[in-house]
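In: Starting from these lines, generate the structure:
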Amino acid sequence: MLVKTYGSAVYGVNAQIITVEVNIDKGVGYQLVGMPDLAIKESAHRISAALKNCGYKMPGKKITVNMAPADLRKEGSAYDLTIAMGILAASEQIKYSSLEKYLIMGELSLDGSLQPVKGVLPIAIQAREEGFKGFFLPIQNAKEAAIVNNLEVYGISHISEIINFFDKKVDLKPVILNTREEFNKNCNQYPFDFSEVKGQENIKRALEIAAAGGHNVLLIGPPGSGKTMLAKRIPSILPPLTLSEALETTKIHSVAGKLGQESSLMTTRPYRNPHHTISSVALVGGGSYPQPGEISLSHNGVLFLDELPEFNRQVLEVMRQPLEDRVVTISRAKFTLTYPASFMLIASMNPSPSGYFPNDPKNTSSLTEMQRYMNKISGPLLDRIDIHIEVSPVPFDNLSDKRKGEPSEKIRKRVIEARNIQTFRYKENSCLHYNAQMGPKELDKYCALDEKSTQLIKNAIEKLGLSARAYDRILRVSRTIADLDKSENINSNHIAEAIQYRSLDREGWGT
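Out: Alright, predicted model coming up:
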């Protein structure tokens, strides 16, 4: 007898429905076809033990299981429940009249209980699009799938629950989740706040500008000056996630298996802080069965690279294309996956191998050592970082001051106002959302300078020795500063402030 059940496979951040065909015929044996990986091939042992421990049995006949489409690679243990229900239905141990209306996924333990699976959100979205009535899955993943409306989501903890449901012995209630209520309830609940930072007003100002314009930032300072502390608080001043951004971000973390159990929707911008020993595959994504890397897990949020020169240069270079295109494409022989990677890069570094500025008595590095240290970061990568700023140690008077600094909420309001200006400005260009994304065409249109401003930037390039690549960056940052001031035109004050944020472009920096 032939019975069909339905599961799903995740490729990139999208899912594809997999039809599991179970045929039971005369003979003996168990045959699993359709390009399954080792975890799926081992499912026969888990299913057999689980059914026996629940009072059912594996039929003593020839069982053929086909996973269609047969030319796509399937992986993972999430098909255990799908196959098990097909075997029970094909052997007529359960009723199966409405089995084809439901998507079924879950990893079986030997006692019949269910373990959580990855990629539930994109699977639920695809199930709704394909017209399935409901989705059976482990109870730990139920809230995540319940984000999707117009789909009955049943979270179960044991295979007996789904068996009893189809045998009409119990009436399971679907998990109900008010997505907007869940989103609004937890929106902007960040663990860190700028009010906790003592001093460093100029750095806070630079980070406010970076958040308002989506600019990448490099913080340069000695150990203990507060670089990491400041970076951790940047998500708290970024504009809140929209519901569509939250869904997109949650999909990526769901595919990577990074959502906590009982989690549903990501409501705050992600903050990722990989160690400097990370490999290029772990950073940008990939592997035999490609998974999203740190840059995709940072999508719509912040990627913080602490001690930038300590990262392998090859690892840093693979970020150049994603920084420009806001996506990362992973190609394999038979398929190509694209993961979104629109993140704000915050990097930090010491000014020298010894950790201190050249004029600091504690500095023991020679000029040659300092130059070699700086050369670990390539020019093309620095070219994609709009703001370089030096972070000095906090004076004792500021450290001992009991007064709280300006809270993140106030800073975020100014950032949101500036972003709204940019949204209106670029409303006709769907690929452009904030100032950091401006190209030469937009710079000419929106960054026109008066005579005083033009002379100021000319003097800066000539006297400070700023490189040619600094010119466009100064214009972008100036446009953001003007937006924060609610100024339609860029003036000399905006240019003067933007020039301060190009430390590494000055000739002789670090000497």
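
In: quick one: residue 369 from residue 54, how far?
Out: Here the criterion is CB to CB, to the nearest Å. By it, residue 369 lies 68 Å from residue 54. From N, CA and C alone the C-beta is placed, and that goes for glycine too.

In: who has more neighbours, those two?
Out: residue 54 (18 against 13; other CB atoms under 10 Å).

In: Now do the helix ranked longest in the chain: everything it contacts.
Out: Looking only at the chain and at elements set by DSSP state H, the helix with the highest residue count is helix 408-425. Identification of contacts with helix 408-425 by CB atoms under 8 Å, 6 or more residues apart in numbering yields 188, 190, 193-195, 204, 208, 211-213, 233, 236-240, 433-435, 446, 480, 483-484, 486.

In: Can you mark which positions in it are buried?
Out: Residues 408, 411-412, 414-416, 418-419, 421-422, 425 are the ones in helix 408-425 that count as buried (16 or more other CB atoms under 10 Å).

In: Would you format these as TSV with pLDDT and distance to residue 327 included?
Out: Converted to TSV, the buried residues of helix 408-425 look like this (pLDDT from 0 to 100; distance: CB to CB, whole Å):
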residue	pLDDT	distance to residue 327
408	93	29
411	95	29
412	95	27
414	96	30
415	96	25
416	95	26
418	96	25
419	95	21
421	95	26
422	95	21
425	93	23
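
In: Tell me what residue 134 is bridged to.
Out: Residue 134 has these beta-bridge partners by DSSP bridges: residue 102, residue 152.

In: tally of neighbours for it?
Out: Applying other CB under 10 Å, I find that residue 134 has 18 neighbouring residues.

In: got a list of what it touches?
Out: 101-103, 151-154, 174.

In: Of the residues you listed, which is the nearest to residue 59?
Out: Residue 59 lies nearest to residue 102 out of the contacts of residue 134, by CB to CB, at 22.2 Å.

In: picking up where we left off before, which among the contacts of helix 408-425 end up buried?
Out: 188, 190, 193-195, 204, 208, 211-213, 233, 236-240, 434-435, 446, 480, 483-484.

In: Not counting residues beside it along the chain, what's closest to residue 187?
Out: Leaving aside its chain neighbours, residue 187 sits nearest to residue 267 (5.0 Å; criterion: CB to CB, 6 or more residues apart in numbering).

In: Settle this for me: that neighbour is touching residue 189, isn't it.
Out: Yes: under the criterion of CB atoms under 8 Å, residue 267 makes contact with residue 189 at 7.4 Å.

In: I'd guessed residue 252 sits against residue 297; true?
Out: Yes: Residue 252 lies in contact with residue 297 (CB under 8 Å); the separation is 6.3 Å.

In: Any stretches of this protein with poor pLDDT?
Out: 188, 261-263, 468-469, 505-511 (pLDDT under 70).

In: Drop anything exposed from the contacts of residue 134.
Out: Judged by 16+ other CB under 10 Å, buried ones among the contacts of residue 134: 102-103, 151-154.

In: coming back round to it: who does the following helix or strand past the longest helix of the chain touch, helix- and strand-wise?
Out: Once helix 408-425 ends, the next helix or strand along the chain (criterion: DSSP states H and E) is helix 440-446. Contacts defined by 3 or more CB pairs under 8 Å, 6 or more residues apart in numbering; DSSP states H and E place helix 440-446 against helix 469-484.

In: got the domain boundaries for the chain?
Out: Following automatic domain parsing, the chain resolves into domains at 2-177, 186-405.

In: end-to-end on the last one?
Out: Here the two ends of domain 186-405 are set 24 Å apart, with distance taken as CA to CA, to the nearest Å.

In: Now do that domain: distance to the chain's middle.
Out: Taking the mean of its C-alpha atoms, domain 186-405 sits 12 Å from the chain's own mean (CA atoms, centre = their mean, to the nearest Å).

In: Break down the stretch 1-150 of the chain into its strands, ranges please.
Out: 2-11, 14-25, 29-33, 62-68, 102-104, 107-108, 114-115, 134-138 (DSSP state E, counting those that start in this stretch).

In: Quick one, which of these gets closest to residue 387.
Out: strand 14-25 (35.0 Å).

In: quick one, what contacts residue 431?
Out: With CB under 8 Å, 6+ apart, residue 431 has these contacts: residue 437.

In: Apply 10 Å and report the result again.
Out: 326, 437, 439 (CB atoms under 10 Å, 6 or more residues apart in numbering).

In: Same question for residue 280.
Out: So residue 280 contacts 286, 293, 311-312, 314-319 (CB under 10 Å, 6+ apart).
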